[in-house]
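Asks: need coordinates for the below:
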Amino acid sequence: MLHKKTGSTATLHKFRELLKKTAETDALPNYRILYDSESEQALFYTKNAQLLAHHSSKDSGY
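Replies: Modelled structure (predicted):
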């Protein structure tokens, strides 16, 4: 789904490889990527600890 949403012209296999490499090198300036090869899912989250804490507490009902 992410492959389609990004409009990537790379093959799905190449897109996955690029996503894994981006996650491993922590190449996005404001986000971290956790990539699970087994489920082929990616989780993006902010590097801004203050924003992350705010949203985490909001989601948990605090």
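
Asks: check which helix or strand covers the spatially most central residue of the chain.
Replies: Closest to where the C-alpha atoms of the chain average out (CA atoms, centre = their mean) is Phe44, at 2.8 Å. Secondary-structure assignment from DSSP states H and E places Phe44 in strand 41-46.

Asks: tell me which other helices or strands that strand touches.
Replies: Counting contacts by 3 or more CB pairs under 8 Å, 6 or more residues apart in numbering; DSSP states H and E, strand 41-46 packs against strand 31-36. In this view, the C-beta of every residue, glycine as well, is placed from N, C-alpha and C.

Asks: what is the strand it packs on packed up against?
Replies: Here strand 31-36 touches helix 12-25, strand 41-46, going by 3+ CB pairs under 8 Å, 6+ apart.

Asks: orientation of the first one relative to strand 31-36 in degrees?
Replies: Taking axes from the mean of the first three to the mean of the last three CA atoms, to 10 degrees, one finds that helix 12-25 is oriented at 120 degrees with respect to strand 31-36.

Asks: residues contacting Leu18?
Replies: Ala10 (CB atoms under 8 Å, 6 or more residues apart in numbering).

Asks: please redo it, this time with the cut-off set to 10 Å
Replies: Ser8, Ala10, Ala27 (CB atoms under 10 Å, 6 or more residues apart in numbering).

Asks: tell me how many other residues crowd the second one.
Replies: The number of residues packed around Ala10, counting by other CB atoms under 10 Å, is 13.

Asks: ok, now how distant is the nearest residue to it once chain neighbours are set aside from Asn48?
Replies: Excluding the flanking residues, the one nearest Ala10 by CB to CB, 6 or more residues apart in numbering is Leu18, at 6.6 Å. Between Leu18 and Asn48 the computed distance is 24 Å (CB to CB, to the nearest Å).

Asks: what does the pLDDT read for the residue nearest to Ala10?
Replies: You'll see Leu18 listed with a pLDDT of 94.

Asks: where does this structure have low pLDDT?
Replies: 51-62 (pLDDT under 70).

Asks: try it again at 80.
Replies: Along the chain, segments meeting pLDDT under 80 span 48-62.
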